[in-house]
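Q: Here you go, sequence then predicted model.
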Amino acid sequence: MTALGYHEVVERGVSVARNQGFSDAELEEVSSIGPNLWRLRFGLPKQSGKLLEIDVDGTLQQLIRVQQVQRLGIAAGLQPREARDGG
C-alpha cells in the first residue's frame, strides 16, 4: 500500500465533503498535523461561521475525523477589541 500524497489527500477530502452532503464546501486550508497526517478545512457558505474539518491519515489511507467547527476570529464576523487607555 502506497501512502497518499498531498494531491490524493485533497481529492479524498473533497470527495468526503461531497459525500457528507457539503457540495458547496470550499477548500480553504490544508495543513500537516503530523507525519503524513493532514487536516483539510472547508468553508461552509450555507452555514455561516462554520468550517468542516477533515483529518486524513495518508500512510494508512484512512479518514480519521470529520467534524463541523465554529470559525473563530475576524473571519467569523467578530470585531477586534479596541485598546483602552489605562489598561
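A: That came in fine, so what should we check first? Numbering: from 1, shown residues only.
Q: Surely residue 12 is within a strand?
A: No: under DSSP: H, G, I helix; E, B strand; the rest coil, residue 12 sits outside any strand and is assigned helix.
Q: For the nearest residue to residue 25 once chain neighbours are set aside, which three-state class applies?
A: Distances taken as CB to CB, 6 or more residues apart in numbering place residue 42 nearest to residue 25, at 3.8 Å, with adjacent residues excluded. Backbone N, C-alpha and C define where each C-beta goes, glycine included. Taking three-state DSSP as the rule, one finds residue 42 in the strand state.
Q: what is the mean pLDDT for stretch 21-34?
A: For stretch 21-34, mean pLDDT rounds to 94.
Q: next one: stretch 48-56
A: Average pLDDT, stretch 48-56: 92.
Q: can you give me the strands in this protein?
A: For the chain, applying DSSP state E gives strands covering 26-34, 37-43, 50-57, 62-70.
Q: Sheet partners, orientation included, of the second one?
A: The partner list of strand 37-43 in its sheet, established with DSSP bridges, is strand 26-34 (antiparallel), strand 50-57 (antiparallel).
Q: try the last one
A: Within its sheet, and counting by DSSP bridges, strand 62-70 is paired with strand 50-57 (antiparallel).
Q: Next, the buried residues of the partner strand.
A: Judged by neighbour count using 16 or more other CB atoms under 10 Å, the buried positions of strand 50-57 are 51, 52, 54, 55, 56, 57.
Q: And residue 47, how close does it get to residue 4?
A: Distance of residue 47 to residue 4, computed by CB to CB, to the nearest Å: 28 Å.
Q: Grab the most central residue of the protein for me.
A: Nearest to the mean C-alpha position of the chain, by CA atoms, centre = their mean, lies residue 41 at 1.3 Å.
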